[in-house]
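Visitor: 3D, please:
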Amino acid sequence: MRLPILAIIFPLFCGAAEIPKGSHVLLRMVNSVTTRTAKIGDYVYMQTATPIVSGGQVVVPESTYVQGVVSHSRESGRVKGRAELGISIEKMTLASGKVIQVNPSLSSVDAGGTSQKVNKEGEIKQGSDVGRDAARVATLSGTGAAIGGWTDRSWSGAGIGAGVGGGVGLAVVMLTRGREVTLRQGSTIDIVFDRPVPLN
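Guide: I've put the predicted structure just below:
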């Protein structure tokens, strides 16, 4: 009977712990990153916001330090071209001080009221600004109509004012860059492990 008992106990003492394939973990940003200033190779620092569990046991506790690096960064364009940010998660520092190499994929991002999403390539991409731009043009057109009608005291004046306001609004939109991808300190990203990662 000794061999079966040892066969059960031995792995426990050997510590055959691992991050299972398919595990999701939420990471909280320690520093802020934005496509306005980020460059390839910049370090990104995070902490686990949730523990990682395997076999009913916590194998990676909350607040474990994680390090990544900017793998891709593109600023938004003035007319077209949405901002994109790629982050490669590389290292995790365990409570024992051991550093393990990891390579999970980005699954989702805390948009914080923006339209930031993770695309098929695992990069964070800013959504379209079409609605915001249309609202800006409409607002300036309305302002132009009001000023034109007030100064000319006629509907024709209002029409001219609306046209001028719309033209100004379009020019403003054409000269203004779109929103950047921004991960602020304290915001979160969700990652998923595509393969198991031994912790020993």
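
Visitor: domains of the protein?
Guide: What automatic domain parsing lists as the domains of the chain is 16-128+180-198, 130-175.

Visitor: ignoring the adjacent residues along the chain, who's closest to residue 63?
Guide: Leaving aside its sequence neighbours, residue 63 sits nearest to residue 47 (Cβ to Cβ, 6 or more residues apart in numbering; 5.1 Å). C-beta here means a position set from N, CA and C on the backbone, and glycine is covered the same way.

Visitor: pLDDT score assigned to the one you found?
Guide: pLDDT recorded at residue 47 is 98.

Visitor: again with residue 4
Guide: As predicted, residue 4 sits at a pLDDT of 47.

Visitor: got it, and residue 179?
Guide: For residue 179, pLDDT reads 86.

Visitor: for it, what are phi and psi?
Guide: Main-chain torsions, residue 179, degrees, to the nearest 10: phi -70, psi 150.

Visitor: excluding sequence neighbours, find me the nearest residue to it.
Guide: Distances taken as Cβ to Cβ, 6+ apart put residue 126 closest to residue 179, at 5.4 Å, once the chain neighbours are dropped.

Visitor: quick check: bridge partners of residue 117?
Guide: As for beta bridges, residue 117 partners with residue 125 under DSSP bridges.

Visitor: and the spatially closest residue to residue 115 that is not a sequence neighbour, what's its pLDDT?
Guide: Distances taken as Cβ to Cβ, 6+ apart place residue 127 nearest to residue 115, at 2.6 Å, with adjacent residues excluded. You'll see residue 127 listed with a pLDDT of 75.

Visitor: check contacts around residue 127.
Guide: Contacts here follow Cβ atoms under 8 Å, 6 or more residues apart in numbering; on that basis residue 127 touches 82, 114-117.

Visitor: now do residue 191
Guide: With contact taken as Cβ under 8 Å, 6+ apart, residue 191 is in contact with 24-25, 27, 89, 104-107.
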